[in-house]
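# coordinates for the following, if possible.
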Amino acid sequence: METDLATHYAIVGGGYTGLWTAYFLKKAKPDADIVLVEAQRIGHGASGRNGGWLMGAIEGASSFTDDRGGLSEATRYQLTQLVTRAGETLASEGIDCDFHHGGCVMAAARHTAQIGRARKLLEHFRGLGFGESDYQWLTPGELSDRIQVVSPGGGVFTPHVARVHPAKLVIGLAHVVKSMGVRVFEYTRAHDIQSGVVRCDRGTISAEKIVVATEGYSESGNPLHRRLIPVQTGMVATEPLSEAQWSTIGFHQRETFADCTRAATYLQRTADDRLVIGARGHYLPGGLPQHVLRDSTAIRQHRERIALSLFPQLQGVRFTHCWGGSVGVPRAWRPHVLYDTETGMGSAGGYVGEGVGASFLFGQTLAELITGQDTERTAMPWVKHRSIAVLKSWEPEPLPRAGLNATMMLFGAEEWLLDRYGNGWPARIAGWACDRLERH
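Down below sits the predicted model:
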């Protein structure tokens, strides 16, 4: 990178949001000069380390309801069409990321207590206005036809999820935006971001418009610092399984899968026939993001135990890979698209781990806001014509760490009680406490 650069648009962050914003800016303004800086390499953050679910949904959707308590028809349309639109874009650009639009099963899979949670999940989506074609109930038999879990109690199926290989997606997208003329500078840390200027360790960028898209890797000097905190999430993967082994597990439509536990799980069958099992989360001291790729042995073994508790038929299968990273969590627990016309600064993110698909929609929305377009997307309820400062900061450390760790310990205690004593009074007491924690 040169000592000083002048450009139309500067984007800080080389993950999905930054790259999709650059992509759609170039589509709208082919002659625009765009500079993108990434503190590490492309794919270093959550975009290269996630569980590979491209979802037509967003965390915190109930925060965006109308006066009747549901999502508007236009809002639901943007979400239900998201996966199809993203798939078409990936295909048209030749991005081979193992995209497979097989839907998702969210099921009661281990404990009878999960049946009530699965039912509440369906009620939640119905309350938002989604129909039977969007989210449908699976009987225990219908669940077993798809996924052969240890204790099938029924579940919810949605077609609005696709499987991807996360690293292939971010690297392929970076290749496309570079071919469009976007100047990408890796290993370039932005340590001071203000209206019109980005000061980096390798020089200064002057820009008419600036996008901050750093998610859980928003460290000191970044306006998102402490407005998004990094919560760690991670995956383990088995060795490739044979067709005989898959016949005892399911995933024949290569749908994604989650059991209705309080601490999110996310599973997929990869293109090379491995089973990937993901779960969140822990929190590093000081609220720091995770930069190392590999998780600790204890965390890896915890995720392996989750896999075996769901699928005892995996006993003896080797787990060959593990990895982890940080997702960005805002204080309000809902995502945002922000653009301030006075300062020329914008941001999108706060996905709470559901950003693979949302970043496609939000990146396009942010590009439309920056280029002055008035579209259905720019009128979505998560769009605010405000500065980044409107996002509430988290409490000082160690309060967030203590709160998250206490929550995860209580969730774990409930699981332990359910495993050993079933849905008796000890587990119900723990569940009562967990219910109240989840509300906050």
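# can you give me the strands for the stretch 51-200 of the chain?
Residue ranges of the strands in the stretch 51-200 of the chain, as given by DSSP state E, counting those that start in this stretch, are 53-55, 104-107, 136-138, 155-158, 161-163, 183-185, 190-194, 197-200.
# kindly apply the preceding question to the stretch 201-350 of the chain instead.
Along the stretch 201-350 of the chain, counting by DSSP E, counting those that start in this stretch, strands occupy 203-212, 228-238, 256-259, 265-269, 275-282, 319-330, 336-340, 345-349.
# any idea which element G357 lies in?
In this structure, G357 sits in helix 355-370 according to DSSP states H and E.
# so which elements touch the following helix or strand past that helix?
Along the chain past helix 355-370, the next helix or strand (assigned with DSSP H and E) turns out to be strand 383-384. If you count contacts as 3 or more Cβ pairs under 8 Å, 6 or more residues apart in numbering; DSSP states H and E, strand 383-384 packs onto strand 336-340. All C-beta atoms are positioned from the backbone trio N, CA, C, and that covers glycine.
# and for E438, the neighbour number?
Summarising burial for E438: neighbours were counted as other Cβ atoms under 10 Å, giving 10.
# if we can go back for a sec, turn the strands of the stretch 201-350 of the chain into a markdown table, including distance to P398, mean neighbour count and mean pLDDT.
Listed next are these as a markdown table, based on distance: least, Cβ to Cβ, whole Å; neighbours: other Cβ atoms under 10 Å; pLDDT from 0 to 100:
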| stretch | distance to P398 | mean neighbour count | mean pLDDT |
| --- | --- | --- | --- |
| strand 203-212 | 26 | 21 | 97 |
| strand 228-238 | 12 | 24 | 94 |
| strand 256-259 | 30 | 26 | 97 |
| strand 265-269 | 27 | 25 | 97 |
| strand 275-282 | 14 | 23 | 88 |
| strand 319-330 | 16 | 22 | 93 |
| strand 336-340 | 26 | 23 | 98 |
| strand 345-349 | 24 | 29 | 98 |
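# show me the contacts for the closest residue to E59 other than its chain neighbours.
Closest residue to E59 apart from its sequence neighbours, by Cβ to Cβ, 6 or more residues apart in numbering: V352 at 4.0 Å. Residues near V352 by Cβ atoms under 8 Å, 6 or more residues apart in numbering: 59-60, 327-330, 333-335.
# need these in TSV (columns: distance to I210).
Formatted as TSV, the entries for these read as follows, by distance: Cβ to Cβ, whole Å:
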residue	distance to I210
E59	26
G60	26
V327	23
G328	18
V329	23
P330	19
W333	26
R334	23
P335	20
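# circling back: now the strands of the stretch 201-350 of the chain in CSV, with distance to E304?
Output for the strands of the stretch 201-350 of the chain, formatted as CSV (distance: least, Cβ to Cβ, whole Å):
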stretch, distance to E304
strand 203-212, 37
strand 228-238, 6
strand 256-259, 15
strand 265-269, 13
strand 275-282, 8
strand 319-330, 5
strand 336-340, 35
strand 345-349, 31
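# which one of those strands lies nearest to A174?
strand 203-212 (15.5 Å; Cβ to Cβ).
# which parts of stretch 288-308 are buried?
When burial is assessed from 16 or more other Cβ atoms under 10 Å, stretch 288-308 yields the following buried residues: 288-290, 295, 299-300, 302-304, 306-308.
# what's the distance between R126 and D201?
Taking Cβ to Cβ, to the nearest Å as the criterion, R126 is separated from D201 by 51 Å.
# ok, D273 - how many residues close by?
Here the neighbour count serves as a burial measure; for D273 (other Cβ under 10 Å) it reads 16.
# ok, now L25?
Around L25 sit 27 other residues, with neighbours defined as other Cβ under 10 Å.
# pull the contacting residues for K392.
For K392, the set of contacting residues under the criterion of Cβ under 8 Å, 6+ apart consists of 227, 330-332.
# can you tell me which of the contacts of V352 is nearest I388?
For the contacts of V352, the closest approach to I388 (Cβ to Cβ) belongs to P330, at 11.1 Å.
# which of the strands of the stretch 201-350 of the chain sits closest to V383?
Counting by Cβ to Cβ, V383 lies closest to strand 336-340 out of those; the figure is 4.7 Å.
# output the below-cut-off pLDDT ranges for this protein.
In the predicted model of the chain, residues 1-3, 439-440 satisfy pLDDT under 70.
# domain-wise, how is it divided?
With automatic domain parsing as the criterion, the domains of the chain are listed as 4-84+166-228+332-390, 104-158, 397-440.
# point out the most buried one among those.
The highest mean neighbour count among those belongs to domain 4-84+166-228+332-390 (a mean of 21), with neighbours defined as mean count of other Cβ atoms under 10 Å.
# what distance separates it from the middle of the whole chain?
Chain-centre distance of domain 4-84+166-228+332-390: 13 Å, with Cα atoms, centre = their mean, to the nearest Å.
# show the end-to-end separation of that domain, please.
30 Å (Cα to Cα, to the nearest Å).
# measure R183 to H124 for me?
For R183 relative to H124 (Cβ to Cβ), the value is 44 Å.
# helices of the chain, start to end?
With DSSP state H, the ranges of helices along the chain come out as 16-28, 73-80, 82-92, 113-128, 140-146, 166-179, 243-247, 297-310, 355-370, 399-421, 425-438.
# okay if I get the buried residues of stretch 288-308 as TSV plus distance to Q268?
Supplementary listing: the buried residues of stretch 288-308 in TSV, determined by distance: Cβ to Cβ, whole Å:
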residue	distance to Q268
L288	28
P289	24
Q290	21
D295	18
I299	19
R300	18
H302	19
R303	14
E304	16
I306	14
A307	12
L308	17
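# biggest separation within these, which pair?
L288 and L308 (30.9 Å).
# show me the contacts for the residue nearest to T343 when sequence neighbours are not counted.
Across the structure, with Cβ to Cβ, 6+ apart as the measure, the residue nearest T343 apart from its sequence neighbours is S195 (4.0 Å). Contacts here follow Cβ under 8 Å, 6+ apart; on that basis S195 touches 210, 343-345.
# check D4 too.
Listed by Cβ under 8 Å, 6+ apart, the contact partners of D4 are 203-206.
# hey, what's it bridged with?
Judged by DSSP bridges, the bridge partners of D4 are T204.
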